[in-house]
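Enquirer: Show me how the following folds:
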Amino acid sequence: MRPRSGFTMLELLIAMTILGVIFSVGGISAYTILKRSQENSSLNSIQHSIWQAAGLSSSRGIVTTIVKSGQTLSVKNESSGATLRSFKLADGVQTNFPEGEVMRFLPPGEISEESYQNLPSPITLSTSNGNYTMLVSVIGEAKVVEANEQ
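Expert: Down below sits the predicted model:
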């Protein structure tokens, strides 16, 4: 009688089940990492939009505004109405910015007094990973900190 070679059907099924469990756990982890990365990118985009609006106002001598429409934030040239930058916040990112004009930057690169006073206090940002506060100075410096770091 010849010795058996190869695997039985039961051994193959067990091996495939184990591999399936390993790949499904890895897939869930990859999805979580991707989602967090998209949310962090949205937080950075908000910060960069504020810097850009202040910088354009200062360097080009134009009035710029940051406008919120749903989950989209845009930097606009107030006089021409041209959109200079626009991006959609990732799913799961929430902010307490009001709809419409959020900030208005005047040519020296400063937030207008009225706009600064109308900003939510504090500016809050929420993601599936936690809650954050955004600190914004009159000259458009923006910093995102965890809510408990204030």
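Enquirer: going forward, measure contacts and count neighbours with C-alpha atoms only.
Expert: Will do.
Enquirer: So what's the residue count around residue 77?
Expert: Counted with other CA atoms under 10 Å, residues neighbouring residue 77 total 21.
Enquirer: per-residue pLDDT, it?
Expert: For residue 77, the pLDDT comes out at 96.
Enquirer: Could you do residue 3 as well?
Expert: pLDDT at residue 3 comes out at 69.
Enquirer: Equivalent analysis for the one 4 residues further on, please.
Expert: Looking at residue 7, its pLDDT stands at 79.
Enquirer: and the gap between it and residue 15?
Expert: Going from residue 7 to residue 15 by CA to CA, to the nearest Å gives 10 Å.
Enquirer: Show me which of these two is the more surrounded one.
Expert: residue 15 (11 against 8).
Enquirer: Beyond the lengthiest helix in the chain, next helix or strand please.
Expert: Counting by DSSP state H, the longest helix found in the chain is helix 9-60. Counting by DSSP states H and E, the element after helix 9-60 in chain order, helix or strand, is strand 64-69.
Enquirer: Figure out how far the host helix or strand of residue 134 is from the centre of its chain.
Expert: Using DSSP H and E, residue 134 falls within strand 130-136. Relative to its chain's centre, strand 130-136 lies at 12 Å (CA atoms, centre = their mean, to the nearest Å).
Enquirer: Please point out which parts of it sit buried.
Expert: 131, 132, 133, 134, 135, 136 (16 or more other CA atoms under 10 Å).
Enquirer: and the residues you listed, which two are the farthest apart?
Expert: 131 and 136 (16.6 Å; CA to CA).
Enquirer: What values do phi and psi take at residue 61?
Expert: phi 70, psi 30 (degrees, to the nearest 10).
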